[in-house]
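K.L.:
sequence and predicted structure below; questions after.
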Amino acid sequence: MATALAAVPGGRDLWRVAIIATGAAAILAPVALVVYQSFLSAPFFSARARFSLDGYAFVLADEDFWVAGLNSVILAASMVAIAVPVGAALAYLVVRTDLPARRALETLVLVPLFVSPMVLAFGYVVSLGPVGFLTTAYESVLGAAPWNIYSMLATALIVALTHVPHVYLYVAAALRLVPSDSEEAARVAGAGPGRTALTVTLPMVLPSIGVGAVLVFFLGFELFGLPYVLGDPEGRLVLSTYLYKLTTRLGTPSYQLMAVVVVAIMVVTLPLVTLQRLVTAQARRYATVRGKAVRARLVPLGRWRWLAFAAIMLWLVAVVIVPLAGITLRSVVSSWGLGVNLADVLTLRNYAAIDSMRGVGRSIVNTALIATFGAALSVAAYAAFTLATHRWPGWFSRVFDYLVLLPRAMPGIVAGLAIFWLFLFVAPLKPLLNTLASIWLAYTLVWMPFGLRLVSNAVGQIGEELEDAARVAGAGPGRVARDVVLPLARHGLLASWLLTFLLFAREYSTGIYLIGPGSEVMGAMLVSLWSAGNIDVVSALSVINTVMIALGIAIALRLGIALDE
Amino acid sequence: MNDPSGRPEPPALAVDDLRVRLGSNEILRGVSYAVRPGRIAALLGRSGSGKTTLLRCVAGLETPTAGSIAIGETQVFDAGRGIDVPTERRNLGLVFQSYALWPHKTVFDNVAYGLRVRGAARADIEARVAEVLQGVGLGALGARFPHQLSGGQQQRVALARAFAYGPPVILLDEPLSNLDAKLREESRIWVRGLIKRLGLTAVFVTHDQVEAMAIADEVVLIEEGRIVQAGTPQQLYDEPATLFVAEFMGSNNVLHGRIAERRAGDACLDLGGLRLWGRDRSAAPAGATGTAVIRLDRVAVLERTGDNCLPGELESSVFLGERWESLFAVAGQPMRVFHQAPLAPGERFVHLPPEAVWIF
């Protein structure tokens, strides 16, 4: 039967198979290695390693592990409880109402997405910590500050508020497709704006709210930077920080225990990621039903207008300005504490110190390199994978679609660890261990699901007929990609490159196990500097990192690239 | 048509028992047809009839479930023998309904693409593209981009691109549907003239029977994945094989009745006592229901009765500028009649020439 001809990859599809196989290997190898290691009694390169369940026994019997797990769940749940309503409300206000400065706000509300979580965490500590700027200012006027930045409540609030944009993105996209007449009908029937929003508009975008909720819960599980900086002083661990601390707790690298924790994390995240994929598909189906272009008439807020605006501004201040201002101030201050006069301690010494610290200086250069050339290479890889599965129906493509869920389920720190082990395990790769190559591979892997989606969106915009026309004229798939697909996807690929730049520049957890002399990157450097207590250099480096990211955003906006992916 | 060696020349395009099934949906149910070199064939049908699928199968953009396709002497598809030549090697031209001009390439580059892919020399490409653009009347527009051209000009570029590399057959998917009505009429003549002047073989898909008759040498009417009738435009219009063909090809009056008698290739339809003679196209026995079909413009209004005349009651008259159109009730069924002068009141008879009536 002729349909069978199409299903079996023929000779001319060999290049597709090769590319997909490479990608599959890159994804499965680290995961397989980690699972393998979890069932060993010693590090995999050790001669003593035997099959054993001791690792599982130890971790599962460790009370700290379960407490860390519980903390992760609590954080994730509180993120959902706070970020989802706030994000949905924010989306409604910005997209459907006559909020002042809507156009500017559409971009501003996405800013928290681009600041490094480590920088945010440091910012909160230096602003609102026991000797933070705002704390000391408060204490000098009003007495003891009522807040504790290291409390579980504070951590929960901060992680929730900083993840509002994630929910906002999904809900706003769905709200843009809702026709105004549904709301107008409610208003005519007598419902006020608040009631209309709650009973008519938001229920129509419930699937997108669901997607946002699952995403945020899952991100809560992956958190590392904020719980590390804010939870460590009180000894409060979450799963990712428990993993990080295993080495220091036991004194020796106990690979098998780390592997078990990784498996435990992924056992939770993998179903979550699959759930998220299913919910997203549902939401998309729901949205296309009402896919007609809609004329949006704005809901007038009346006297609530400026109040809503003020509330959003307050959120932005709390989530962006306070930490960033704090860390910037700390970076130009030689020391700080209660009773210190600001004017006395202003200095650029911290920046100068970076100059003398080779590793730190190298980290800036390396980050710039990875975020520019590395990101370009990554986008090229994503483009290759996208083109390999492009317009190629069959089980091979579908298997790859599911395989890509694996990196999604790996928090950065987990992926970095897995790549580290992979490079140890596979002899030919070992010399690359302390080079940027290992970091690049880890970054590309971690962000593959995101990057693939960006590139396939860009490629998917191209009308199928334009490719068919080239095929009829005699061009094979390679030529079609070169002559039609890639040139027309140029703008989308550029946008993907810029967004990947931003993601790589703010990355911190993936590199933790991979940095070494020569392969330092800023984010991971910040983690180890913080562990060493070097707050001066941490502040300066944080500012440099933020400036690098801000430059990237400025270029993206200048080139007209929409940041709402 | 024989070639010099005496063997009959193979058809430019031959499709044999082609079937396409999508899930439980049978889109093509065994289509066989051959187009001789130098002929223009129209695949005519309604939406969903399978005509576009047939065209895309020939181009290799869709894969049939059974059957075979040959272009000249080359077998490009044969389900039984596992042959499926990929699109890029079939050497056909295809004009897409939306033209599918590459927006990032100039007119010149669009037309030159097929030649470039085939590795032609630069000088040859330039000469050929200039010649082709001249041939479609766009000689001076090579440096423009598609969005800078009008719809009619884009259509010509799409056509030029399709035959620039000299394929033996060019395919056109609803080539005139994107043009406005006035342009469509001018385009019909122009497209046929161009194809004939270049000596091309062409197969095009359309849902418009007038377009099919105006451009094609032979019309293939497809319905529900099968060929209903194939022949010259006159054959399909004047000698429809089935009721469906008769109704599809023109605007008709339709009368329902019972078949009363048959005589030498003619049949008589009984309309509640009134008798109407016409050409026998029905296989049903006497006494079964039958349908009489006559083109609107063949019906006349008379003041006295005669051969094959039916008494009619005038219901309404409208003036349409170039003629009057009146609605009559004949044996309780509506009939539309054209006439030049307004009708004075009085008894009327509707005359249907028996040679213009088909009884199905």
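P.N.:
Thanks, I have it.
K.L.:
look at the residue nearest to B:Gly265 when sequence neighbours are not counted and report its pLDDT.
P.N.:
Using Cβ to Cβ, 6 or more residues apart in numbering or on different chains and skipping residues adjacent in sequence, the residue nearest B:Gly265 is B:Asp280, 5.6 Å away. From N, CA and C alone the C-beta is placed, and that goes for glycine too. B:Asp280 carries a pLDDT value of 90.
K.L.:
what's the burial count for B:Asp280?
P.N.:
When neighbours are defined as other Cβ atoms under 10 Å in any protein chain shown, B:Asp280 has 18 of them.
K.L.:
cool, A:Thr199 as well?
P.N.:
The tally of other residues near A:Thr199 (other Cβ under 10 Å) stands at 11.
K.L.:
what about it, is that helix, strand or coil?
P.N.:
Secondary structure of A:Thr199, reduced to three states by DSSP: H, G, I helix; E, B strand; the rest coil: helix.
K.L.:
with adjacent residues omitted, what lies nearest to it?
P.N.:
Once its chain neighbours are removed from consideration, A:Thr199 has its nearest residue in A:Ala191; the separation is 6.8 Å (Cβ to Cβ, 6+ apart).
K.L.:
closest to the centroid, which residue in the chain?
P.N.:
I'll assume chain A. In chain A, the C-alpha nearest the mean C-alpha coordinate belongs to A:Leu503, at 7.3 Å (Cα atoms, centre = their mean).
K.L.:
wrong one, chain B
P.N.:
The centroid of chain B falls nearest to B:Ala212 when counting by Cα atoms, centre = their mean (3.2 Å).
K.L.:
tell me if I'm right that that one and B:Val219 touch.
P.N.:
Yes - assessed by Cβ atoms under 8 Å, B:Ala212 is found in contact with B:Val219 at 5.0 Å.
K.L.:
what is in contact with these two at once?
P.N.:
For the pair B:Ala212 and B:Val219, residues contacting each of them under the criterion Cβ atoms under 8 Å, 6 or more residues apart in numbering or on different chains are B:Ala42, B:Leu44, B:Pro233.
K.L.:
of those residues, which is the nearest to chain A?
P.N.:
Taking Cβ to the nearest Cβ as the measure, B:Ala42 is the one of the shared contacts of B:Ala212 and B:Val219 closest to chain A, at 19.8 Å.
K.L.:
would you confirm that that closest one contacts B:Ala214?
P.N.:
No - distance between B:Ala42 and B:Ala214: 9.3 Å, which falls outside the contact criterion (Cβ under 8 Å).
K.L.:
those two - which one has more neighbours?
P.N.:
Looking at B:Ala42 and B:Ala214 with other Cβ under 10 Å, you find the greater number of neighbours at B:Ala42, namely 28 against 19.
K.L.:
name the residues that touch the helix or strand hosting that one?
P.N.:
Using DSSP states H and E, B:Ala42 sits in strand B:40-45. Surrounding strand B:40-45, the residues in contact under the criterion Cβ under 8 Å, 6+ apart are B:33, B:35, B:51, B:54-55, B:192, B:195-196, B:201-207, B:209, B:211-213, B:215-223, B:248.
K.L.:
in helices, which of those appear?
P.N.:
Counting by DSSP state H, the contacts of strand B:40-45 place B:Lys51, B:Leu54, B:Leu55, B:Arg192, B:Ile195, B:Lys196, B:Gln209, B:Glu211, B:Ala212, B:Met213, B:Ile215, B:Phe248 in helices.
K.L.:
good, we can wrap up now.
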